[in-house]
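K.L.:
this one's structure only:
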Ligand SMILES: O=C(O)CCC(=O)C(=O)O
């Protein structure tokens, strides 16, 4: 499979609409790839909290429309990163969209772990509850977003649901770049899965972004890593290696569930 991770520069000098047009064109340029991945909240910026309310879209809003068309024009599976979604009957959500090569919505995933503790996304958005996987011809994707990367139990749930390739759009800050790389490798090793983690470049809301999008194989080896700036990170990988790795080193089969709590 060939995957292209589009590490988009998200900064305030570019309007949301211009960035949407520019990103759609970049997606079209990836014709020939099997899978294209965009970052988290690349329209507004993951830390540009003030924009969440004003830029929030219904699920089938302008970003959905532009990305569905770009996916079908390029003939690729497109993980279109996430958008601030306005649920007409509920709160905002940080929602990832995956489109098939014909431009149909294959999946929507509402981020489960909201970042910000007592501010930002954690107070402005609702939390998703549902694990989401997407079957592609050669692999099954498991979806997670940014801060979710810190919660291994979510990924175990995805693996139990059949995930072989974990796709993680993010707007990860430069300040914690070491965690980004370490956690991406840890999730790959412990789940014996590919990890495709696509972040943003640039600075928005005063928060420099880490860039350094990364692709890790099921043995934990880094297949490719981007630099700090806007970049298209393209990688070829063999989805069959997930089954081979799990067969040759069957640690996932040795899981012990439902342990007893400590005795007092
Ligand atoms: O966990 C982190 O360090 C970054 C998380 C984050 O920026 C996010 O989820 O938007």
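P.N.:
Cool, got the structure. What you are looking at is a predicted structure, and each value in this text was computed from that prediction instead of being measured.
K.L.:
longest strand of this protein, counting residues only.
P.N.:
Assignment by DSSP state E gives strand 77-86 as the longest strand of the chain.
K.L.:
next secondary structure after that one?
P.N.:
Note on strand 77-86: by DSSP states H and E, the next helix or strand toward the C-terminus is strand 92-99.
K.L.:
for this protein, what spans make up the helices?
P.N.:
Assigned by DSSP state H, the chain shows helices spanning 16-28, 50-55, 62-74, 121-124, 152-160, 177-191, 240-248.
K.L.:
using TSV, lay out the ones you listed together with mean pLDDT, mean neighbour count and distance to the ligand.
P.N.:
Placement of C-beta: from N, CA and C, glycine included. Output for the helices of the chain, formatted as TSV (pLDDT from 0 to 100; neighbours: other Cβ atoms under 10 Å; distance: least, Cβ to the nearest ligand atom, whole Å):
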stretch	mean pLDDT	mean neighbour count	distance to the ligand
helix 16-28	98	17	18
helix 50-55	92	15	12
helix 62-74	98	20	17
helix 121-124	96	17	6
helix 152-160	98	18	13
helix 177-191	98	19	6
helix 240-248	98	15	26
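K.L.:
need those helices in TSV (columns: distance to residue 35).
P.N.:
TSV is the format used below for these (distance: least, Cβ to Cβ, whole Å):
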stretch	distance to residue 35
helix 16-28	11
helix 50-55	26
helix 62-74	10
helix 121-124	26
helix 152-160	16
helix 177-191	16
helix 240-248	15
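K.L.:
quick revisit: relative orientation of the longest strand of the chain and helix 62-74 in degrees?
P.N.:
Calculated by axes from the mean of the first three to the mean of the last three Cα atoms, to 10 degrees, strand 77-86 forms an angle of 170 degrees with helix 62-74.
K.L.:
show me what strand 77-86 is packed up against.
P.N.:
Under the contact definition 3 or more Cβ pairs under 8 Å, 6 or more residues apart in numbering; DSSP states H and E, strand 77-86 sits against strand 35-37, helix 50-55, helix 62-74, strand 92-99, strand 105-110, strand 165-169.
K.L.:
how about a cut-off of 6 Å?
P.N.:
Applying 3 or more Cβ pairs under 6 Å, 6 or more residues apart in numbering; DSSP states H and E, we find strand 77-86 packed against strand 35-37, helix 62-74, strand 92-99, strand 165-169.
K.L.:
and the contacts of the shortest one?
P.N.:
To tie it back to what came earlier, the one meant is strand 35-37. When contacts are defined by Cβ atoms under 6 Å, 6 or more residues apart in numbering, strand 35-37 is touched by residues 3-5, 27, 30, 76-79, 167, 196, 198.
K.L.:
follow-up on the earlier one: residue 158: which of the helices and strands packed on strand 77-86 is closest?
P.N.:
Of all those, it is strand 165-169 that lies closest to residue 158, at 6.6 Å by Cβ to Cβ.
K.L.:
hmm, the closest one touching the ligand?
P.N.:
No. Strand 165-169 is not in contact with the ligand by Cβ under 6 Å from any ligand atom; minimum separation 9.9 Å.
K.L.:
please identify which of the helices of the chain is closest to residue 100.
P.N.:
helix 62-74 (7.0 Å).
K.L.:
tell me the gap between that closest one and the middle of its chain.
P.N.:
Centre-to-centre, helix 62-74 and its host chain are 17 Å apart (Cα atoms, centre = their mean, to the nearest Å).
K.L.:
just the angle for it relative to helix 16-28, thanks.
P.N.:
Relative orientation of helix 62-74 versus helix 16-28 (the same axes, to 10 degrees): 20 degrees.
K.L.:
now helix 62-74 and strand 105-110, what's the angle there?
P.N.:
Orientation check (the same axes, to 10 degrees): helix 62-74 against strand 105-110 gives 140 degrees.
K.L.:
quick one: contacts of helix 62-74?
P.N.:
By Cβ under 6 Å, 6+ apart, the surrounding residues in contact with helix 62-74 are 20, 24, 27-28, 30-31, 43, 57, 78, 80, 83, 99, 102-103.
K.L.:
if you set the cut-off to 7 Å instead, what comes out?
P.N.:
Residues outside helix 62-74 that contact it (Cβ atoms under 7 Å, 6 or more residues apart in numbering) are 20, 24, 27-28, 30-31, 43, 57, 78, 80, 83, 97, 99, 101-103.
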